[in-house]
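*Asks:* sequence and predicted model, in that order:
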Amino acid sequence: MKNMKKDRKNQGGMGKEISRREFIKTAAVGTAGLTLGSLSFSPFVFGAEKPIRIGMIQEYTVGATAYGYWLGKVSKAAVAKLNAEGGIAGRKVELVDYDTKVNPAWASSMFKKLILEDKVDFVMGSVHSGVQLAVFPLATQYKMPYFGGGAMAASLTGKDAVPYYARIHTHAKMQAAAGWKWGFDNLGRNWTFLVADYAWGHSLAEEFGSRIKEAGGKAQTILAPQNTSDFVPYLQKVDPESKVLFTAFLGAPALGVMRQTVELGLHKRLQRYTVICCTDGVGQEMVGKESAGAHYLSYYPRHASQVPKELQAYDKAYRTACGMTDDGKDAGDPKNTSTASHMWTMWTTPYMIKQAVEQSGWKDEKKNADFMKAFCSLKVNAGPWAPQGDLVMRDSDHQGFHDHYLEEVQPDLNLKVIARIPKEKLMYEAPVDLRSKL
């Protein structure tokens, strides 16, 4: 089909994991990092075992296309690096990917195609809650390990959790734990949540709003369709007593609601605070100069200068390999802003698949349960494969934990980190226990 995309096979490379220094040196002479043709890797001859195939679904052509572009790009760079280092357990890695079209039914058909026709061993990707929930029954039916690609509704590793799904990235409950108190203390006690009317928006309003109310503040929730273009009727409903406006939409609607907030003059009396998901992949210049002073909760600094010093060497190599500049742009197209806070998930997940395969002795689907147990017990240290810093999985609900950041839009429209929230402060009581279900 026209919109079905298959990634070409990656070339082989070096037979052992390169050191941090070697990786940084090698990556620095690469181009966009998506192929190995310009890199000086020693030849590696893979064994007779068939390749390990990783399937992927991403939002390439509809809706959250900036996410699809960057997560797809990073995935290919990660698989290329894996193969350069000897693959997984000595087996070459192949990537097969399809477009979700932000259509749960279509995405489900592609997920099933990956399993039954492409014979993939694992699947990863998508930043859309509806898409991920739609493929859960297939992951369960076929016992297919599936790894989400971004910050989504808390329920995916909560009340809707399934044994063969894991998420290494943040979600609404973690985001609220990271950022509600700072916003309450520094921006105001009365909030309005104008959010997309689906699982993700509901989850953000509930997780932040419940904490605001418990602390004695007020929380108003206004729901609007994700594809809304005229937000004026919704913005006119904002409580006059509100001090903070929290909006949550993706793509064009995210820009639309921010611009119309300014057009109505609400930015003059309301503090603007939300998750970076709304404008990840969008330069603040697209929002406008009035965006200065707004605050975002993020999960990886867009600007290299804002990355913690102890991570900067890893960050530099990672940016080079993925084709991301120091200011968070596409090295091949400076007008294209990266989804820096999300795309690292598709860099780290393939490495974690490698670790789980090798620790569990996985050979094929017969050991998928053992593989999932290993994956969901991993502790990944900061390094070439974890430029975002240490990450720890929790085996009860298959949720990963990592550091978060608070960023403020400066007058020059760059994002400045004003606080780093350690992962230990974001851990909450596991809502489910999947350990006995594998």
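*Replies:* It's in. Numbers count the residues shown, from 1 in each chain.
*Asks:* measure residue 146 to residue 275 for me?
*Replies:* From residue 146 over to residue 275 the distance is 23 Å, taken as Cβ to Cβ, to the nearest Å. For glycine as for every other residue, the C-beta is placed from the backbone atoms N, C-alpha and C.
*Asks:* actually, residue 262.
*Replies:* Remark: distance between residue 262 and residue 275 (Cβ to Cβ) = 19 Å.
*Asks:* and the two? which has more neighbours close in?
*Replies:* residue 275 (26 against 16; other Cβ atoms under 10 Å).
*Asks:* with adjacent residues omitted, what lies nearest to that one?
*Replies:* Nearest in space to residue 275, with sequence neighbours left out and distances taken as Cβ to Cβ, 6 or more residues apart in numbering, is residue 297 at 5.0 Å.
*Asks:* name the next helix or strand following the strand or helix carrying the one you found along the chain.
*Replies:* Using DSSP states H and E, residue 297 sits in strand 295-298. Moving toward the C-terminus from strand 295-298, the next helix or strand (DSSP H and E) is helix 312-322.
*Asks:* buried stuff in that next one?
*Replies:* Across helix 312-322, burial judged by 16 or more other Cβ atoms under 10 Å covers 313-322.
*Asks:* for the residues you listed, which two are the farthest from each other?
*Replies:* Among those, the pair separated by the greatest distance (Cβ to Cβ) is 313 and 322, at 15.3 Å.
*Asks:* residues contacting residue 434?
*Replies:* Counting by Cβ atoms under 8 Å, 6 or more residues apart in numbering, residue 434 makes contact with 161-163, 376, 395-398.
*Asks:* whoops, residue 162 was the one
*Replies:* By Cβ under 8 Å, 6+ apart, the contact list for residue 162 reads 136, 139-140, 434.
*Asks:* need the residues you listed in TSV (columns: distance to residue 307, pLDDT and secondary structure).
*Replies:* Shown next, in TSV, are those (distance: Cβ to Cβ, whole Å; pLDDT from 0 to 100; DSSP: H, G, I helix; E, B strand; the rest coil):
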residue	distance to residue 307	pLDDT	secondary structure
136	34	98	helix
139	34	98	helix
140	38	98	helix
434	33	98	coil
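*Asks:* show me how far the longest helix anywhere in the chain is from its chain's centre.
*Replies:* When the chain is parsed with DSSP state H, its longest helix is helix 65-84. Distance of helix 65-84 from its chain centroid, counting by Cα atoms, centre = their mean, to the nearest Å, is 12 Å.
*Asks:* next helix or strand past it?
*Replies:* Downstream of helix 65-84, the next assigned helix or strand under DSSP H and E is strand 93-99.
*Asks:* run through who's touching the following helix or strand past that following strand.
*Replies:* Downstream of strand 93-99, the next assigned helix or strand under DSSP H and E is helix 104-116. Here helix 104-116 makes contact (Cβ under 8 Å, 6+ apart) with 4, 55, 57, 96, 98-101, 120, 123, 126, 128, 130-131, 133-135, 138-139, 142, 144.
*Asks:* and those residues, which of them are buried?
*Replies:* Among the contacts of helix 104-116, those scoring as buried are 55, 57, 96, 98-101, 120, 123, 126, 128, 130-131, 133-135, 138-139, 142, 144 (criterion: 16+ other Cβ under 10 Å).
*Asks:* how close does residue 152 sit to residue 95?
*Replies:* 22 Å.
*Asks:* go on, residue 400?
*Replies:* The gap separating residue 400 from residue 95 is 21 Å, by Cβ to Cβ.
*Asks:* go on, residue 330?
*Replies:* Counting by Cβ to Cβ, the gap from residue 330 to residue 95 is 20 Å.
*Asks:* who has more neighbours, those two?
*Replies:* Shown here are residue 330 and residue 95; by other Cβ under 10 Å, residue 95 has more neighbours (24 against 18).
*Asks:* wait, residue 304 touches residue 319, no?
*Replies:* Yes - using Cβ atoms under 8 Å, residue 304 makes contact with residue 319 at a distance of 6.6 Å.
*Asks:* so what sits against both of the two?
*Replies:* With Cβ under 8 Å, 6+ apart as the test, residue 304 and residue 319 both reach residue 326.
*Asks:* circling back: what's the burial count for the residue nearest to residue 275?
*Replies:* Using other Cβ under 10 Å, residue 297 has 27 other residues around it.
*Asks:* what does the one 3 residues further on give?
*Replies:* For residue 300, the tally of surrounding residues (other Cβ under 10 Å) stands at 27.
*Asks:* the one 5 residues further on now?
*Replies:* One way to gauge burial is a neighbour count; for residue 305, by other Cβ under 10 Å, it gives 12.
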